[in-house]
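S.K.: Please work out how this folds:
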Amino acid sequence: MQAQKRFSSQLPVKKRGMLYLNIKSMKKGIFIVIEGTDGSGKTEQTKLLVERLKTEGKKVTLFDFPRYGNPSAWFVEEYLNGRFGGLNEISPKTASLFFALDRYAAARNIKNSMKDGNIVISNRYVASNLAHQGSKFENERDRKKYFEWNYDLEYRINGIPKPNLNIILHVPAAIAQKLVDGKAERKHLGGKKRDLHEADLKHLARTETTYKKLSKCFPSEFTWIECVEKQKLLSIETIHDRVWKLVSPLLGKFDS
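M.R.: Numbering: from 1, shown residues only. Prediction:
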């Protein structure tokens, strides 16, 4: 509980416990992130959201992390291809730095897009670090300390923009890994279907649990969408409707 209070007390918002939703401080633009377990359909839901917003006449800028093929993502690609060692050979903080630097390199473009009144949509962001790397800690106190460290690194030290809404799509790890195998060839993996994280079902299950912890410990910061009911994956359209239900109330509160 103390760790949670320290985590929340760092946040530059009026109501403690709210990481990102600080509407009054934003004059223009919205920043929305689609997060979730691997294979949960983040890319498809991001695409549908962008298309719908454009149909509504909104100006939209899309970001997709990690930004494979960019120099800032080089360490990420090496890590996910296993060239630095196995999953448990790389410390959570070291791995977090790889992904954080890629976001840092994109931060100015995100800020400029928001200043121009655009709605910024990102497929994955900081919560991916919190969940994947946070899952490597067995001790709950150590995990919360890591959350604080990563938050401080990204938002205070690196100064990257904070999302107004973080949506977490949930698909159980066993189902998600099968969905990952249905993806097309992935150039950053040299044609392989699974990266270092996706190849380890136990890691995916721990990451799924960590996403749940994030949404339960910080409900004002992370909004959970269940994508499976009665062991059956919901339709893409049903999931999109749930995403839109969360996004649409924000649209009238910003210039765009």
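S.K.: Low-confidence ranges, the protein, go.
M.R.: Applying pLDDT under 70 to the chain picks out residues 1-27, 176-199, 254-256.
S.K.: Show me the helices in it, by range?
M.R.: Secondary structure of the chain, counting by DSSP state H: helices at 2-9, 42-55, 74-80, 92-115, 126-134, 140-151, 173-180, 201-217, 236-251.
S.K.: of all those, which lies closest to F65?
M.R.: Ranking these by proximity to F65 (CB to CB) places helix 92-115 first, at 6.3 Å. Glycine gets a C-beta too; all of them are placed from N, C-alpha and C.
S.K.: Buried residues of that closest one, list them for me.
M.R.: Residues of helix 92-115 classed as buried: 92, 95-106, 110-111, 113-114 (neighbour count, 16 or more other CB atoms under 10 Å).
S.K.: which strands and helices sit next to that helix?
M.R.: Of the remaining helices and strands, those touching helix 92-115 by 3 or more CB pairs under 8 Å, 6 or more residues apart in numbering; DSSP states H and E are strand 30-36, strand 60-64, helix 74-80, strand 119-123, helix 126-134, helix 140-151.
S.K.: Distance from the chain centre to the longest one, please.
M.R.: The one in question is helix 140-151. Chain-centre distance of helix 140-151: 17 Å, with CA atoms, centre = their mean, to the nearest Å.
S.K.: Report all helices and strands that that helix contacts.
M.R.: With contacts taken as 3+ CB pairs under 8 Å, 6+ apart, helix 140-151 sits against helix 2-9, helix 92-115, helix 126-134, helix 201-217.
S.K.: coming back round to it: possible to save the helices and strands packed on helix 92-115 as JSON lines with mean neighbour count and distance to S215?
M.R.: Shown next, in JSON lines, are the helices and strands packed on helix 92-115 (neighbours: other CB atoms under 10 Å; distance: least, CB to CB, whole Å):
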{"stretch": "strand 30-36", "mean neighbour count": "26", "distance to S215": "10"}
{"stretch": "strand 60-64", "mean neighbour count": "17", "distance to S215": "22"}
{"stretch": "helix 74-80", "mean neighbour count": "20", "distance to S215": "25"}
{"stretch": "strand 119-123", "mean neighbour count": "24", "distance to S215": "18"}
{"stretch": "helix 126-134", "mean neighbour count": "25", "distance to S215": "9"}
{"stretch": "helix 140-151", "mean neighbour count": "17", "distance to S215": "13"}
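S.K.: Reformat the helices and strands packed on helix 140-151 as TSV; add distance to Y146.
M.R.: Listed next are those as TSV, based on distance: least, CB to CB, whole Å:
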stretch	distance to Y146
helix 2-9	10
helix 92-115	6
helix 126-134	6
helix 201-217	10
